[in-house]
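In: Sequence first, predicted coordinates after that:
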Amino acid sequence: MGRAISRALLNYLLLILLVALISGIGIKDYSFYRADMKFSLMPPAERAVIEANASSMGMDPYDYYMRFVAPKDYPTLAMNPLHAGLYVLYHSLFDPDYDYPVPRKLMVVRTLVLTLLAEITIILIGFPLAKLALRKRRLRSTVRFLARVFNGLPVWAVAALFSLLIIMSALPNYLINGLGASTSLTRNLAYMAFPLISIVLVALWEFVEALVILLRDEFGKEYVRAKRAMGLPERRVERHVLRAVMPSFLGFLFQHFVEVSTLALVVDAFFGLFGLGKMLEWGFRISGDLYTLDPDVFFYPIAVFMVVNFFVLLAVTLLSELLTPGGGGVEA
């Protein structure tokens, strides 16, 4: 078990470093972009000081500014990409420099609640549906068809259809007008209804199809036929099969959780749930040839999901090891 956890930790550390490296490249480019704009718009008096200092060192004023002056306002300019990425991820998570119109904790809670509700709903619907699809070929074909359809249909398209439904029906328009800073539990849960349905409708069918394939392969193995030949009740046979596929299922479930988290960000931004998806929208804005990146805003959702996914991965790894034969779990 210790080896599996160590391997998971190592893999996640490598993932953090990769994300930090990619983030750092983007941050350094943006810092250079901001510093370049500031130099071009610098008042004559400040420019004269820069030119005098540069001349005394035998340097070009622009090079002097970028090397000695700009890093004071944009510290990531003086860092390598990996250092810059780690710096921004840490800074956005623990020391943000941004005045949020909605409390950050409330935005995190909304996104995580939506994600967990969607994943739990998919599991509760998906397992019975997959077991039924194993026995009914027509339902299995329908599930496969729907999985292909919704794999090619973006979640925002489904969200747009529900938005039109709200507008054209007697449902209250506040369901699509933005939740804002409301802390009412009833209002928050009511507002999540259509975002939740949108995510479940898109993500359910792929989940069911994968589960059907996993269970069908396991039911076809020799030990299952032997247990049935021994006269064991079908319910006990199913328990054996579920115990056997659980480690593989947990690995798939982690990947599915990450996918659902991404859908939650998209739906959140579309419906104005004011969660982490809205924060991403605030953090990166483009207007013509100009763009604005607020690192503390844009990278905060990334940092949050890396922390959340780390604990989910750790829990999945522990459960997988306990349920693997010889891993400490109880025999079925």
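Out: Okay, I see it. The structure presented is a predicted model; accordingly, all values stated were derived computationally and were not measured. Residues are numbered from 1 along each chain as shown.
In: now do the same end-to-end measure for stretch 63-76.
Out: Across stretch 63-76, the terminal residues are separated by 16 Å (C-alpha to C-alpha, to the nearest Å).
In: So for that stretch, what gets flagged as buried?
Out: Along stretch 63-76, these residues count as buried under the neighbour rule (16 or more other C-beta atoms under 10 Å): Tyr64, Tyr65, Met66, Val69, Ala70, Pro71, Tyr74, Thr76. C-beta here means a position set from N, CA and C on the backbone, and glycine is covered the same way.
In: just stretch 4-13 next, same as before
Out: So, applying 16+ other C-beta under 10 Å, buried residues of stretch 4-13: Ala8, Tyr12.
In: so how far is Ala35 from Leu41?
Out: Spatial separation of Leu41 from Ala35 under the definition C-beta to C-beta, to the nearest Å is 11 Å.
In: Tell me where the protein has strands.
Out: 284-287, 290-293 (DSSP state E).
In: Can you give the strand pairings for the first one, parallel or anti for each?
Out: Strand 284-287 has these partner strands in its sheet, going by DSSP bridges: strand 290-293 (antiparallel).
In: what separates the strand it pairs with from the chain centre, distance-wise?
Out: Relative to the mean C-alpha coordinate of its chain, strand 290-293 is positioned 23 Å out (C-alpha atoms, centre = their mean, to the nearest Å).
In: Just the CA trace of it, in CSV.
Out: Backbone C-alpha positions of strand 290-293 (Å, rounded to 0.1, in the frame of the first residue of the first chain) are rendered in CSV as follows:
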residue,chain,number,x,y,z
LEU,A,290,-5.4,44.0,-25.6
TYR,A,291,-5.8,41.4,-22.9
THR,A,292,-5.8,41.5,-19.1
LEU,A,293,-4.7,38.6,-16.9
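In: any idea of the mean pLDDT in it?
Out: Per-residue pLDDT values over strand 290-293 give a mean of 80.
In: can you offset everything so residue one is 359?
Out: All right, first residue 359 from here; so that's strand 648-651.
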